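Visitor: The amino acid sequence is not available; the structure is as follows:
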C-alpha cells in the first residue's frame, strides 16, 4: 500500500508571534515543505497617504513616525528632505548633523530589533532579544533627551530639527559609543558562531542579486547578495559625503549573510556617529525664518535615502497649497517582500519563518 | 552630486527607441504614450547606455481631469535615475496603463497597490487584485472624489 499525501493549507498569521506584526501568509504544505505561499496584507492599513493630504506639510511629520514605527527618525528624515527639495529650503548645519546623529542611532536601533526578533524566530526565546532591547533602551533614552519622545519622535522639521539637543545628550552618546562595540562583540560571540544558528541559516533562503535588483529589493538584503549599493555612499544626501564609512558586502545572499550584514552595519553606524560628534558645531538647530505653514511652489519632488530596511523616500506633489496634493511613500518593507514566495518554496515551516525574519519588515510600513 | 537624468536627455534616448513615444518633457521628467510603454520599458532596461535595472518607485496621482502614473527608474551600474510619466484616463474614464511586471518584477506589488488605492488598471498584470483593502470594498480611497 502506498501512502498518498494531499497539500495542506495553513494560515500563518495575522496573529502569529513570528510574523513581526499583523501579516498573514497562506501557505500550502506538502508534508512539512512549503509548496506555495501567498501573502495577505492590509490589517494595519490606516490610509496614511490620504491623511497626509489633509494636513499641513509640517503636520505630516507625525504621520511618518507611524509608518515604520521602529525607525521613526529615518522616516522623518526622508520626508523632510523631500519637503526641503520641494520648497527650496536650506537646512542649518547643526540641524543636519543632529538629523544624521538621530538617523544613525535609529539605524542601530532598527537593526537591533531585526536581530533580536530573528533570534526569537530561531527559537532562542528571550535572551538575545532582551540583550538587544537593553541596547535599544539606551538609544530610546537618548531620543527622549533630544525630543521628549521615545518611539514617535517627530523630531525633524524643514530646515533642521525642532530643538537643539540638550548638553546632557553628549556624555550619554559618548558613553554609548564606548560601550556599544563591546556589546556587538557579545552578540557575535553568542550568536554568530553558534552551531544551531549556523546550521539553520547558512545556505537557506538564497536569492540571486539579479532577481533582487529586478524586484526592487534594496538595503541590507541587497548588500548581503554582493551588490555594492548604499544610497548614503552612491547618492549622498545631508552630510554623508563628509563622513567616511565602509559598506559591508557579503556574497552568500542567504539568511546568515543578511544577519551578518546588519551586525557589521551597526559598527559602521558607530563610526559615522563618532565623526558626526567631531564635526558638529554650535549654531541654530533650525532656521527661524522658515514658517510653520509652508507653501511650496507647484511641482513634485522625490528624495531617496538609505533607510535601515532599504531605499526609503517620499514622493510629494504640491499644488501651491499648505498641504501636499499627493504624498506617496516608497516602502522598502513592502518591496523587499516581492520575492518572498520564491524564497520560501521548498523550505520547511521553521526555515520559512526564519527566512521571513531575515527580510526584516515592519508592518506599519508595509500597510501604511 | 546630481545623478538624475534631465528630461531632455531621457526624451532623446526614448525617441531613439520609439520616435513617436514622447509627448512632452520637463526639466526632470518625460511624458510618453501608454501604448509605447511595454517596448520603451524593455529597452530602457536592456540598453547598454541606460540600463535602468530597477523600477525604484511607481506612483499614481489624481489630477482631477486625468491620472498620471509616474515611474522612478534607477540604474545601479550607471548610478543614474530617470523619471517617466504616463498620462491616462482622460476625463476620469477608465485609466489603464500596460503592466511593467514582465520587465521589472518589482512592479508587481506596486501596481496592485496603485490599482487598489487609485483605481488605475494595469493591463496584463497576472494578479490584478486589491492589495491593502478587502475584496468587495467600494471605490478607490486615494482618488480626489472619494468620500468617506
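Guide: Yep, it's here. Predicted model, so just to flag it, every value in this text is computed and none were measured.
Visitor: Let me see the contact set for the residue lying closest to residue B:90 once chain neighbours are set aside.
Guide: Closest residue to residue B:90 apart from its sequence neighbours, by Cβ to Cβ, 6 or more residues apart in numbering or on different chains: residue B:66 at 5.1 Å. (C-beta placed from N, C-alpha, C; glycine too.) Shown in contact with residue B:66 (Cβ atoms under 8 Å, 6 or more residues apart in numbering or on different chains): B:87, B:88, B:89, B:90, B:91, B:92, B:95.
Visitor: farthest-separated two in those residues?
Guide: B:87 and B:92 (12.6 Å; Cβ to Cβ).
Visitor: who touches both of these two?
Guide: B:66, B:67.
Visitor: Need phi/psi at residue A:290.
Guide: phi -80, psi 120 (degrees, to the nearest 10).
Visitor: count of neighbours near the nearest residue to it once chain neighbours are set aside?
Guide: Spatial nearest neighbour of residue A:290, excluding adjacent residues (Cβ to Cβ, 6+ apart): residue A:159 at 4.3 Å. Using other Cβ atoms under 10 Å in any protein chain shown, residue A:159 is surrounded by 23 other residues.
Visitor: just checking, residue A:159 touches residue A:287?
Guide: Yes. Using Cβ atoms under 8 Å, residue A:159 is in contact with residue A:287, at 3.9 Å.
Visitor: For these two, list the residues in contact with both.
Guide: Residues touching both residue A:159 and residue A:287 by Cβ under 8 Å, 6+ apart: A:89, A:90, A:91, A:92, A:95.
Visitor: between those, which is closest to residue A:317?
Guide: Nearest to residue A:317 out of the shared contacts of residue A:159 and residue A:287 is residue A:89 (Cβ to Cβ; 17.1 Å).
Visitor: check which helix or strand covers residue A:51.
Guide: Using DSSP states H and E, the element containing residue A:51 is helix A:48-52.
Visitor: Just list what that helix packs against, helices and strands only.
Guide: Using 3 or more Cβ pairs under 8 Å, 6 or more residues apart in numbering or on different chains; DSSP states H and E as the contact test, the elements touching helix A:48-52 are helix A:60-65, strand A:326-330.
Visitor: still on that earlier bit, could you save the contacts of residue B:66 as CSV and add columns showing distance to residue A:66, neighbour count and secondary structure?
Guide: What follows is the contacts of residue B:66, written out as CSV (distance: Cβ to Cβ, whole Å; neighbours: other Cβ atoms under 10 Å in any protein chain shown; DSSP: H, G, I helix; E, B strand; the rest coil):
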residue, distance to residue A:66, neighbour count, secondary structure
B:87, 33, 18, strand
B:88, 32, 20, strand
B:89, 31, 23, coil
B:90, 36, 11, helix
B:91, 36, 7, helix
B:92, 31, 16, helix
B:95, 29, 25, coil
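Visitor: The residue in chain A that chain B sits nearest to - nearest residue in space that isn't next to it in sequence?
Guide: Proximity to chain B, evaluated over chain A using Cβ to the nearest Cβ, is greatest for residue A:216 at 2.8 Å. Nearest non-adjacent residue to residue A:216, counting by Cβ to Cβ, 6+ apart: residue B:106, 2.8 Å away.
Visitor: Just the pLDDT for the one you found.
Guide: Residue B:106 is assigned a predicted lDDT (pLDDT) of 89.
Visitor: Now do residue 133: how many residues are near it, please.
Guide: No chain in the question, so chain A it is. Neighbours around residue A:133, by other Cβ under 10 Å: 15.
Visitor: oops, chain B please
Guide: With other Cβ under 10 Å as criterion, residue B:133 counts 16.
Visitor: do residue A:311 as well
Guide: 28.
Visitor: For residue B:138, see how far away it is.
Guide: Distance from residue A:311 to residue B:138, counting by Cβ to Cβ, to the nearest Å: 33 Å.
Visitor: Residue A:173 too?
Guide: 51 Å.
Visitor: So which elements touch the helix of greatest length in chain A?
Guide: The single longest helix within chain A, with elements called by DSSP state H, is helix A:93-121. For helix A:93-121, the packing partners by 3+ Cβ pairs under 8 Å, 6+ apart come out as helix A:72-87, helix A:127-147, strand A:160-161, helix A:169-187, helix A:255-279, helix A:349-359.
Visitor: which residues are contacting the helix or strand following the fifth one?
Guide: From helix A:255-279 onward toward the C-terminus, using DSSP H and E, the following helix or strand is strand A:299-306. With Cβ under 8 Å, 6+ apart as the contact definition, strand A:299-306 has outside contacts at A:74, A:77-78, A:81-83, A:85-86, A:219, A:230-232, A:235, A:237, A:311-318, A:330, B:56-57, B:70, B:72, B:83.
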